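Participant: Structure here, sequence nowhere to be found:
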């Protein structure tokens, strides 16, 4: 599943091309494979991206991959996936909801930035942007040979960009420690809070479903890294 790049190493798109999960069906207690986790993270990076028409079309193309990934790692594999918008009118409605929830103008209910949701910072910089985590992320991206694309209007700690970088780290041989740091010190620290806010404030079912899906898959991603600790 590929799309408009947000982070790159100067050689083009670094979207993880997770085209299959592989392996046999398993229960929620089975150890998820690296391929399955990569697919899950890559899918989430797209679903949290701005839903322009081309992006939404890619979501539809990845429906079978989502279903298979969900079957392998979900604690609720029978749950129906989020319904992808059909047609220009529904896509426009989803884009309008994205702008309302995450962009503005006016008060933004659910800023999609790690800095806003971190609680382990001084009180005077809570609920602000460009916090300490932004500099930390830039360092991680440099370690991966990535940088936020010049054409991107997003900050380095946008949820979709962090997920995209994690997918790339998971696909890169020898980058497991960096991937673990990105998940444990960043995504795992704020994504549950963002998802709970979206569940509360979203007026469109897709984003409520996405929040639930993300929390579900987040548990599997956490278990994957925890299992690696015991090896």
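Facilitator: Perfect, I can see it now. Since the structure is predicted, the reported quantities are computational estimates derived from the model, not experimental observations.

Participant: from memory residue 116 sits against residue 125, does it?
Facilitator: No: using CB atoms under 8 Å, residue 116 is not in contact with residue 125; the gap is 10.2 Å. Where you see a C-beta, it was placed from the backbone N, CA and C, and this is true even at glycine.

Participant: The two: which is more packed in?
Facilitator: residue 116 (20 against 13; other CB atoms under 10 Å).

Participant: out of everything not next to it in sequence, what's closest to the more buried one?
Facilitator: residue 127 (5.8 Å; CB to CB, 6 or more residues apart in numbering).

Participant: If you tally nearby residues, what's the number for that neighbour?
Facilitator: Neighbours of residue 127 using other CB under 10 Å come to 13.

Participant: sec struct for it, please.
Facilitator: coil (DSSP: H, G, I helix; E, B strand; the rest coil).

Participant: Would you check that it makes contact with residue 113?
Facilitator: No: contact criterion CB under 8 Å: residue 127 and residue 113 do not qualify, at 10.4 Å.

Participant: what residues are shared contacts of the two?
Facilitator: Residues touching both residue 127 and residue 113 (CB atoms under 8 Å, 6 or more residues apart in numbering): there are none.

Participant: Could you measure from residue 205 over to residue 183?
Facilitator: According to CB to CB, to the nearest Å, residue 205 and residue 183 sit 28 Å apart.

Participant: Please apply the same query to residue 215.
Facilitator: According to CB to CB, residue 215 stands 14 Å off from residue 183.

Participant: which residues sit in contact with residue 207?
Facilitator: Contact analysis of residue 207 by CB under 8 Å, 6+ apart lists 97, 98, 101, 198.

Participant: and of the residues you listed, the nearest to residue 44?
Facilitator: Using CB to CB, residue 198 is the member of the contacts of residue 207 that sits closest to residue 44, with 12.8 Å.
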